[in-house]
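Below is the sequence, then the predicted model.
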Amino acid sequence: MEHSQFDKFIRANAEKELAVPSELDWDNMTIPLPEQKRKRRLLPFWLLFIMFLGGLGIGSFKYLQQTEVAISSFSIPTAGLPQSTVAKKIGSTNQDVRPQDQVESTAGRSILVPVTVQAESDLTTSSFPTGETQVYHEERADHDLLAPTTPALSQETTKTTSEPATQAMAPQSIVHSTNIDVLKTEFKFPIQPLTAHSISFNLSKLPQARVQALKGTGSIIISYGLNRSRLDYNNALREQTEAPAWGHMTQLLWERDLGKQYFMSIGLAYQQLHTTFSFREDLGTYINFSERQVIKQTRRVFHNNYLELLSLQVGAGRNFPLGPQLKSQVILHFSPTYRLAQQGRTIDDNESVIDLDDTTLTSDKLLWNANASWRLAYQLPNIDLFVGAMFTQSVTKARLLSDQEKMIKPRALSFIIGIQRSW
Amino acid sequence: MNKSDQQLIQECLKGAQSAFKALYEKYQAYVYTICARHGVSAIEVKDYMQVIFMEVFKSLKNYDADKAQFKTWLSRIAINQILQQRRKRRIDYTSLEKENINLIESSFTIPIDWKIDQEVLFALLNKMPAKYITVFNLFIIDGYSHQEISVALNIPENTSRVLLHRGRVWAMKQLRCHFSEHLGQLEKHSKIG
C-alpha cells in the first residue's frame, strides 16, 4: 500500500537522532533532582525530646521511691547513739582523742600532746562529728611525759563532766611507750557501727508532699514554645505548595484546683503558624510575530506565609504526682480561635499565584480548635518550672478565600517551657 | 536491557548526581529528536527537555524493566509531557466525524531508498498544522494505535484517523515539492554534465 510505503519512508528518515545544541548540555540545564528520602535511622527529634522528658520523670520517680524505701527500713536505738554530736550536746564534753603519731619528749622543750576535746568550746569546727578534729595544746615539759601520765595531763587541761553515756563511750587509750622518740597512741571509738536495721525513720512525721495541692488554690501559668504546623488544605496541589516551618506561641493560663488532682484551666494563647510557599507557575505561551518567536513563560514563586491566631482556652486537667517535687499534668482545652492576621501567597482554582490580603481573604475569622497538652513540672520553693508539648487541632474546616471553596483545617505541635506560680 | 542502563538507574535511585548526569547525556539526543519531531520550537525545547527529564528522574523508582525497555518507557514519558504542554495551549482537535472524508489517492510515490536529510524532513513536517503533526508523529513514528491516540488527546478514534490521513496528504504534498525540485536540479545537472 502506498500509505505503508510512505510511513516506512518517514520512519526510516526520522529515526536518526539529531545533534543536540550546546545550550542543552547538562551544565546549562536546571533539572530539579528528586529528594532522596533520608533513611530514618534516628527518631524524630521531637520524639527524642518527649522520651527524654519521660525518662527523666521515670528516673526521678524511681530514685525518690528508692530513697523512701531505704529510709523506712532503718531504725536507730536511741540508747546506742553516741552522745558526741558536737553542735547538739551543749554542756557535755567529748572525750574523743585521736591517735597521735609522734610525741617527742625533751625536757624544757615544748611538746604537742593530744588532749581531750571539749565539745562546745575547743573545736573550731563544731559541726563535725566526733573524731574528725584534733586540737593540740602546747605545754612545757616539766616532767617525763612518757610516763603514763596522760590521764593526769588530761585532768590538768580539761574540764570534764562525766555522764553515764559519755563514760561508756570514753575512749580507751593504749599507750605504747617503748620508744622515747616515737610515741604511738591508739584510741578506739567504741561507736556502734550503723547498719540498715539500726536506723528507723518515722515517715508520718515528714512534711506532706507539695504535689498534693490543697483544694481551692489557684495558679498562674506563663509558657512559651516553638511549633510546627500544617494548614491541611482540602486540595492536593495546594497541600503540596506549602511546607511546615517553625513558628512560636505564648500562653497565659489561670488554673484552679478542684480536688482529687483535678483542676480547671482557662486562659489565652497566641500562636504564629509559619509555612513556606513554593510553586512553579505557568504564565502561558505567546507569539512574538515580529521576531517570529513562540515564547513560553514560567516563574518560580517562593514566599514565607504566616497565620496569627488568638485563642481562648477553656478546659480541665489532672495532676499525676511522680514524686515529692515532680508531677506530670495532662490538660484538655477547647479553644474558640480568632484569626488575627494572615499573610503570604497561595494558588487559586486557576493555579495562579495570588496574595493573601484583605481583598482575597474571607471575612470569616473564627476557628474552633481543640488542644491537648502535657507538662512535666518540677517544684521549686516559690514556683514550678515545666516543659511539655501541646497539640492543637482545628475541629472544623475554615474558609480561607472569599470567592473560592478553599478550606483549611490547621493543626500544630508546640514544644513549650514555662513557669507556674501558685498561691 | 542494557546493563549500563540498569547500573545508572540503580545509582540514580541512590541519589548519585553523576548517575543522573550520565543518564541525561546518554538520552538527551533521543529526547531532543522526539521534541523536534513534535514541532517543539528551538526556543521552547530547553523547557520541554527540563520538564521531561525531571519527570523521568522522579519516576525512576516506578520503572519496571520487565514491562518495557528503558528507551520505550522514556519516549512515553517524553510524549506525555509534550502532550500535556500542548493541552495547555488548548489546541482544537475539531471533531471531524460528521465531515465527508474524501480519501485522496495520491499518485506520488516515494521510493523507500530515497533519502532526505533529517533536519530538512523535520523542518518540512514542523510546518504541518499543529493538530495534524501530533497524530502524525504518534501513529507513524511513535507507534501509537488510534485507540491510544484517542485516549491521549481525548478525541474520538475516528477523528484520529481523519487527522492522520490529512497529515499524510499534507506531508506528501510537501515532499513531492521537495523532491520535484531535487529531481529537477538533478536533471539540470545531468544535462549540463
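Alright, I've got the coordinates.

which helices and strands does the host helix or strand of B:Q84 pack with?
B:Q84 is located in helix B:70-89, with elements delineated by DSSP states H and E. Contact here means 3 or more C-beta pairs under 8 Å, 6 or more residues apart in numbering or on different chains; DSSP states H and E; on that basis helix B:70-89 packs against strand A:262-288, helix B:17-37, helix B:45-59, helix B:130-136, helix B:146-153. No exception for glycine: its C-beta is placed from N, CA and C like everyone else's.

Swap in 6 Å and give it another go.
Contact here means 3 or more C-beta pairs under 6 Å, 6 or more residues apart in numbering or on different chains; DSSP states H and E; on that basis helix B:70-89 packs against helix B:17-37, helix B:45-59.

count of residues packed around the residue lying closest to B:E11 once chain neighbours are set aside?
Among residues not flanking B:E11 along the chain, B:A19 sits closest, at 3.4 Å (C-beta to C-beta, 6 or more residues apart in numbering or on different chains). When neighbours are defined as other C-beta atoms under 10 Å in any protein chain shown, B:A19 has 19 of them.

dump the residue contacts of B:A19.
B:8, B:11-12 (C-beta atoms under 6 Å, 6 or more residues apart in numbering or on different chains).

Export these to TSV and append columns for pLDDT.
Formatted as TSV, those follow (pLDDT from 0 to 100):
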residue	pLDDT
B:L8	88
B:E11	87
B:C12	88
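
TSV please, covering those and showing secondary structure and distance to B:H165.
Formatted as TSV, the contacts of B:A19 follow (DSSP: H, G, I helix; E, B strand; the rest coil; distance: C-beta to C-beta, whole Å):
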residue	secondary structure	distance to B:H165
B:L8	helix	41
B:E11	helix	46
B:C12	helix	42
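
how close does the residue nearest to B:E11 get to B:Q7?
8 Å (C-beta to C-beta, to the nearest Å).

Likewise for A:A12?
Taking C-beta to C-beta, one finds A:A12 at 32 Å from B:Q7.

Close to chain B: what parts of the stretch 1-150 of chain A are there?
Residues of the stretch 1-150 of chain A lying close to chain B by C-beta under 6 Å from any C-beta of the partner chain are A:7-11, A:13-14, A:16-18, A:20, A:24, A:26, A:29, A:31-34, A:36.

So how do I select the buried members of these in PyMOL?
Selection command for PyMOL covering only the buried members of the residues of the stretch 1-150 of chain A next to chain B, criterion 16 or more other C-beta atoms under 10 Å in any protein chain shown:
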select buried, chain A and resi 7+9+10+13+14+18+20+24+29+31
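
Closest one of the contacts of B:A19 to chain A?
The nearest member of the contacts of B:A19 to chain A, counting by C-beta to the nearest C-beta, is B:C12 at 8.6 Å.

The closest one contacts B:K61, correct?
No. Using C-beta atoms under 6 Å, B:C12 is not in contact with B:K61; the gap is 9.2 Å.

Who has more neighbours out of these two?
Between B:C12 and B:K61, counting by other C-beta under 10 Å, B:C12 is the more crowded of the two (23 against 11).

Now that one. Nearest residue, chain neighbours left out?
B:A19 (4.5 Å).

any idea of the pLDDT on the one you found?
The model reports B:A19 with a pLDDT of 87.

where does chain B dip in pLDDT?
B:1-3, B:88-114, B:182-193 (pLDDT under 70).

Tell me where the stretch 301-423 of chain A has helices.
In the stretch 301-423 of chain A, no segments count as helices under DSSP state H, counting those that start in this stretch.

mind showing which ranges of it have poor pLDDT?
For the stretch 301-423 of chain A (pLDDT under 70), the answer is A:358-360, A:363, A:402-406.

Just want the residue of it that's nearest chain B.
Closest point on the stretch 301-423 of chain A to chain B, by C-beta to the nearest C-beta, is A:E351, at 10.3 Å.

what's the burial count for that residue?
Neighbours of A:E351 using other C-beta under 10 Å come to 12.

And A:P324, by the same measure?
A:P324 has 18 nearby residues by other C-beta under 10 Å.

still on that earlier bit, mind listing what's buried in the helix holding B:Q84?
B:70, B:73-75, B:77-79, B:81-83, B:85-86.

again, but for stretch A:341-348
So for stretch A:341-348, counting by 16+ other C-beta under 10 Å, buried means A:342, A:344-347.

Let's see that stretch as PDB, backbone CA atoms only.
Output of stretch A:341-348 as PDB, limited to C-alpha atoms (Å, rounded to 0.1, in the frame of the first residue of the first chain):
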ATOM      1  CA  ALA A 341      -3.800  38.200  60.700                       C
ATOM      2  CA  GLN A 342      -2.600  36.200  57.700                       C
ATOM      3  CA  GLN A 343       0.000  37.000  55.200                       C
ATOM      4  CA  GLY A 344       1.500  35.200  52.300                       C
ATOM      5  CA  ARG A 345       0.700  33.700  48.900                       C
ATOM      6  CA  THR A 346      -1.300  30.800  47.700                       C
ATOM      7  CA  ILE A 347      -2.800  29.400  44.500                       C
ATOM      8  CA  ASP A 348      -6.300  29.900  43.400                       C
END
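
Not counting its own residues, what contacts that stretch?
Contacts for stretch A:341-348 (C-beta under 6 Å, 6+ apart): A:277, A:279, A:303, A:305-308, A:353-356.

Those residues: which two are farthest apart?
A:F279 and A:E308 (22.7 Å; C-beta to C-beta).

More neighbours: these two, which one.
A:F279 (20 against 15).

list the contacts for the more buried one?
Taking C-beta under 6 Å, 6+ apart as the test, what A:F279 contacts is A:241, A:301, A:347.

Where does pLDDT dip in the stretch 151-300 of chain A?
A:151-216, A:234-238, A:283, A:286-291.

In the stretch 51-200 of chain A, what residue lies closest to chain B?
Closest point on the stretch 51-200 of chain A to chain B, by C-beta to the nearest C-beta, is A:M51, at 29.8 Å.

roughly how far apart are that residue and B:E44?
In terms of C-beta to C-beta, A:M51 sits 54 Å off from B:E44.

ditto for A:L400
Taken as C-beta to C-beta, the span from A:L400 to B:E44 is 35 Å.

cool, B:L124 as well?
From B:L124 to B:E44 the distance is 19 Å (C-beta to C-beta).

With A:A412 instead?
In terms of C-beta to C-beta, A:A412 sits 43 Å off from B:E44.

Pick out whichever of the two has more residues nearby.
When neighbours are counted by other C-beta under 10 Å, A:A412 and B:E44 differ, and A:A412 comes out ahead with 26 against 18.

ok, and the closest non-adjacent residue to that one?
Going by C-beta to C-beta, 6+ apart, A:A412 has A:S229 as its nearest residue, at 3.7 Å.

Just name whatever secondary elements the helix or strand harbouring that neighbour is in contact with.
Using DSSP H and E, A:S229 falls within strand A:218-230. Packing partners of strand A:218-230 (3+ C-beta pairs under 6 Å, 6+ apart): strand A:242-259, strand A:411-422.

one more time with 8 Å
Right, strand A:218-230 is packed against strand A:242-259, strand A:262-288, strand A:383-394, strand A:411-422 by 3+ C-beta pairs under 8 Å, 6+ apart.

residues in contact with the helix holding B:Q84?
With contact meaning C-beta atoms under 8 Å, 6 or more residues apart in numbering or on different chains, helix B:70-89 is reached by A:282, A:284-285, A:296, B:1-2, B:5, B:9, B:27, B:30-31, B:34-35, B:38, B:40, B:48, B:51-52, B:55-56, B:59, B:63, B:67-68, B:130, B:134, B:138, B:142, B:152-153.

Any figure for the gap between the closest residue to A:W246 other than its chain neighbours and B:G39?
Nearest residue to A:W246, sequence neighbours excluded (C-beta to C-beta, 6+ apart): A:L226, at 5.7 Å. Using C-beta to C-beta, we find A:L226 at a distance of 53 Å from B:G39.

same thing with A:G344?
Taking C-beta to C-beta, one finds A:G344 at 39 Å from B:G39.

Just say helix, strand or coil for the nearest residue to A:T285 once chain neighbours are set aside.
With C-beta to C-beta, 6+ apart as the criterion, A:T285 has its nearest non-adjacent residue at 4.5 Å, and that residue is A:K296. Counting by DSSP: H, G, I helix; E, B strand; the rest coil, the backbone at A:K296 sits in strand.
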